[in-house]
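**Q** Please find the sequence and the predicted model below.
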Amino acid sequence: MTLTGKRILMGNEAIAFGAMKAGLQIASGYPGTPSSEVMETIISHAKEYGIYAEWATNEKVALETAVGAAYSGANAIVTMKQVGLNVASDPLMSLSYIGVKGSLVILVSDDPGPHSSQTEQDTRAFGHFSNIPVLDPSTPQEAYDMAKLAFKLSHELETPVILRTTTRVSHGCADVIIEDIDPVSRDIEGFVKDTRWTIFPKLTAQRHPLLEELQVKMSDRFSEYFTDNSFNFITKGSSNIGIAASGVSSLYVQEAIKDHPGTFSFFKTATAYPFPEKAALDFMKGISDLIVVEELDPYMEEQFLQIAGRHHLTINIHGKKDGSFSFSGEYDVDVVIDGINRALDKIGSKTCRLSHLITAVKAEDIPSLPIRAPTLCAGCMHRTVFYAFKKAAAKLKKQAGIDSVFSGDIGCYTLGNARPLNMVNTCLCMGAGISIAAGLSHTQEFSNGQNAKQVAFIGDSTFFHSGIAAVVSAVYNNANITIAVLDNRTTAMTGHQPHPGIGITAMGSPAKMIDIAEVLRSCGVGMVKTIEAEDLDKCMDIATEAMEFEGPSAVVFKGKCVAICKGTGQYIVDEDKCTGCKLCISQLGCPAIFSISSGLPVIQDTCSGCGLCAQICPYDAIVLKEVSQ
């Protein structure tokens, strides 16, 4: 396949092509927005170039798989989002002591905003903490070039390299000049037994001084690349005010100051760690005020402050710490203009003040946009399960005076917290729903008579990711909880990637299908039932049975993700039977149902035909469209 030339690519696609050009042989990852397309692009070309690629059960396993490949001398990449790095941090911290033999690139996508994450955390600081170099591209072209560079540096320095992106780099599209990719080389040394690969306290003590020496070596090597390429650059301005930026923020700065050519000195870096101290020091000389622009943490700002302190420089540094820029949230050109202007006000500079690119519009003149609250898709099987447990909980409360607490998890089903369902009382991180429910169950005897049944919701992919260990712990400690596994046979939230319960690998090969119910039984769960999530009455009955069970119980609710398996029918409202009670609207929150001026509900053609609304209608006023005609 001829690739050489200019192509419009998403940043994540560019990273994948850069990795393949660098000789990628093994790829592993766990899906998570905004990182998923890197692996998906590699998977789509894997057979063509002879690459092995897999979706692992979680980020820790993915990293360890890639580490094994790198120990054998292979070129490997592992992909994840920023919260996934938390899961992978255990092997990561030890890996920095051991190093690698081949090359290992860790692609981590941060999510300022956040758009689809629990946290706004900054991987640059994580790289510094773990003593692993971090590259921070600002454009899809840089993402492509720096992916190649990351493999080169990893091989030369025998250390993993983190390639950190943010949402706008990962999902932004631009022209990227790429090159032809050669089939994968099969010439690697293979694993050679060596005490280096077995970490013990003695080895750690021996390797730590070498790790510190490597930091100096990395800094020197990065300095060479600083002078040899455009990833890092300096432009000198006529004023004594400098601006420093990294990643996509550097593009915002260049756009913001384009009407003041030659005024500001500008320092742009893509080597977040080790920080290019020598170049930064040269830049700071002759500048009285420095404005630092970066997402998310004041990482660069702290580096500049340390350099100024060590070298006794008289320079004022403006950024997050003096309130010029916010510590949280995603930046854009307007945010950067406002931040720079706040810094200029502190400096007392009026001549350099920036103007917004678009004439400001008064807030009251902007028409309000319709509110579009996050919600489960029309026809989502999760809505049926949530409603079933809501009714079962009400029955338990009425009959036995027992309340219910519903612990959620990370996935589409987190949206069960929205009104009118209100069925997610806790949500922390992947797999935590089961553990939190267990913890809550053990507080009963300390809670002054509070009596509540603990229910944990978890998705099928999340169950394999981090739910199994939580189940084992709950069984071992006899937690009185009910586990509801929402099995729609895909990793729906991140783009419908496969998982071990589907029976197919990332590359489309048949695989052993891991039965979730059998796993639950093998873990010792006392009651395990499986049901198709179509019949509401049966779902309510089994939810009630599970909640009344003493000790750990579990129900696997099976269904289809309506985003990939569309329904064949559509329901409508029979106006002759409808009384306008609006139970279908007030109880379900389905986005396909809304109310019109007459007071009667209307079902839109976005209906997927799940029939849940028809099952709860007390007047049989909701019928299949085909039946009514």
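**A** Right, received. Where do you want to start?
**Q** Any idea which helix or strand in the chain has the lowest mean pLDDT?
**A** helix 625-628 (a mean of 62; mean pLDDT, DSSP states H and E).
**Q** Just the residues contacting stretch 334-350, thanks.
**A** 239, 241, 243, 249, 252-253, 256-257, 289, 291, 293, 316, 318-319, 322-326, 329, 352-357 (C-beta atoms under 8 Å, 6 or more residues apart in numbering). No exception for glycine: its C-beta is placed from N, CA and C like everyone else's.
**Q** 6 Å instead?
**A** 252-253, 256, 289, 291, 293, 318, 324-325, 352-354, 356 (C-beta atoms under 6 Å, 6 or more residues apart in numbering).
**Q** Are any of those buried, and if so which?
**A** The neighbour count (16 or more other C-beta atoms under 10 Å) marks 252-253, 256, 289, 291, 293, 318, 324-325, 352, 354 as buried among these.
**Q** Out of these, which comes closest to residue 264?
**A** residue 352 (7.2 Å; C-beta to C-beta).
**Q** returning to what we had before: specify which member of the buried ones among the contacts of stretch 334-350 is nearest to residue 372.
**A** residue 252 (26.8 Å).
**Q** Do you have the strands of the stretch 151-300 of the chain handy? List them.
**A** Remark: strands assigned in the stretch 151-300 of the chain by DSSP state E, counting those that start in this stretch are 161-166, 173-178, 233-235, 241-246, 265-269, 271-273, 289-293.
**Q** got the contact list for the fourth one?
**A** In this structure, residues lying in contact with strand 241-246 by C-beta under 6 Å, 6+ apart are 136, 253, 264-269, 287, 289-294, 300.
**Q** Could you do the fifth one as well?
**A** Contacting residues not belonging to strand 265-269 are listed as 232-237, 242-246, 250, 276, 283 [C-beta under 6 Å, 6+ apart].
**Q** chain center to that strand: distance?
**A** Chain-centre distance of strand 265-269: 29 Å, with C-alpha atoms, centre = their mean, to the nearest Å.
**Q** just the third one next, same as before
**A** When distances are taken as C-alpha atoms, centre = their mean, strand 233-235 is centred 33 Å away from the chain's centroid.
**Q** What about the closest residue to residue 618 other than its chain neighbours, how many residues nearby?
**A** Counting by C-beta to C-beta, 6 or more residues apart in numbering, residue 583 is the residue found nearest to residue 618 once chain neighbours are left out, at 6.7 Å. A count of neighbours around residue 583, defined by other C-beta atoms under 10 Å, yields 16.
**Q** Report pLDDT for residue 583.
**A** As predicted, residue 583 sits at a pLDDT of 93.
**Q** before we move on, back to that, with pLDDT, neighbour count and distance to residue 101 as extra columns, can I get the contacts of strand 265-269 in a markdown table?
**A** Shown next, in a markdown table, are the contacts of strand 265-269 (pLDDT from 0 to 100; neighbours: other C-beta atoms under 10 Å; distance: C-beta to C-beta, whole Å):
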| residue | pLDDT | neighbour count | distance to residue 101 |
| --- | --- | --- | --- |
| 232 | 85 | 20 | 28 |
| 233 | 86 | 14 | 33 |
| 234 | 89 | 16 | 36 |
| 235 | 90 | 15 | 40 |
| 236 | 90 | 12 | 43 |
| 237 | 90 | 18 | 46 |
| 242 | 95 | 25 | 42 |
| 243 | 96 | 27 | 41 |
| 244 | 96 | 28 | 36 |
| 245 | 96 | 25 | 36 |
| 246 | 92 | 27 | 30 |
| 250 | 94 | 25 | 34 |
| 276 | 87 | 23 | 27 |
| 283 | 93 | 22 | 37 |
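**Q** would you turn those residues into TSV with distance to residue 311?
**A** Below are the contacts of strand 265-269 laid out as TSV (distance: C-beta to C-beta, whole Å):
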residue	distance to residue 311
232	19
233	22
234	17
235	22
236	19
237	21
242	15
243	20
244	16
245	21
246	21
250	24
276	15
283	12
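**Q** And the residues you listed, which is closest to residue 402?
**A** residue 246 (54.2 Å).
**Q** ok, and what's touching stretch 91-106?
**A** 63-64, 66, 70-71, 73-78, 130-132, 150-151, 154-155, 158-163, 199, 204, 207, 211.
**Q** Which strand or helix spans the residue of the chain most remote from its centre?
**A** Of all residues in the chain, residue 576 sits farthest from the chain's C-alpha centroid, using C-alpha atoms, centre = their mean; the distance is 48.2 Å. Residue 576 is part of no helix or strand when elements are defined by DSSP states H and E.
**Q** dump the residue contacts of the closest residue to residue 239 other than its chain neighbours.
**A** Excluding the flanking residues, the one nearest residue 239 by C-beta to C-beta, 6+ apart is residue 263, at 5.3 Å. Residues near residue 263 by C-beta under 6 Å, 6+ apart: 237-239, 352.
**Q** rewinding a little: go through the strands of the stretch 151-300 of the chain and name the closest to residue 526.
**A** strand 161-166 (44.0 Å).
**Q** Just the CA trace of the closest one, in CSV.
**A** Coordinates of each C-alpha in strand 161-166 appear next as CSV, following Å, rounded to 0.1, in the frame of the first residue of the first chain:
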residue,chain,number,x,y,z
VAL,A,161,8.8,6.7,26.5
ILE,A,162,5.4,8.3,27.1
LEU,A,163,3.7,10.0,24.2
ARG,A,164,1.2,12.3,25.8
THR,A,165,-1.6,13.8,23.8
THR,A,166,-4.7,15.8,24.8
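**Q** For that strand, buried residues please.
**A** Quick answer for strand 161-166 (16+ other C-beta under 10 Å): 161-166.
**Q** Can you tell me which helices and strands it packs against?
**A** strand 103-110, strand 134-135, helix 140-157 (3 or more C-beta pairs under 6 Å, 6 or more residues apart in numbering; DSSP states H and E).
**Q** can you give me how far the last one is from the chain middle?
**A** Here the centre of mass of C-alpha atoms in helix 140-157, compared against the chain's by C-alpha atoms, centre = their mean, lies 22 Å away.
**Q** could the buried ones among the contacts of stretch 334-350 be laid out in a markdown table, adding distance to residue 365?
**A** Converted to a markdown table, the buried ones among the contacts of stretch 334-350 look like this (distance: C-beta to C-beta, whole Å):
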| residue | distance to residue 365 |
| --- | --- |
| 252 | 25 |
| 253 | 29 |
| 256 | 24 |
| 289 | 35 |
| 291 | 31 |
| 293 | 29 |
| 318 | 32 |
| 324 | 28 |
| 325 | 27 |
| 352 | 29 |
| 354 | 23 |
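**Q** between these, which is nearest residue 376?
**A** residue 252 (35.1 Å).
**Q** What is the neighbour count of the nearest residue to that closest one once chain neighbours are set aside?
**A** Among residues not flanking residue 252 along the chain, residue 336 sits closest, at 4.2 Å (C-beta to C-beta, 6+ apart). For residue 336, the count of nearby residues is 25 (other C-beta under 10 Å).
**Q** Could you check how far residue 336 is from residue 319?
**A** Distance of residue 336 to residue 319, computed by C-beta to C-beta, to the nearest Å: 12 Å.
**Q** swap in residue 597?
**A** For residue 597, the distance to residue 319 - C-beta to C-beta - is 53 Å.
**Q** That'll do, ta.
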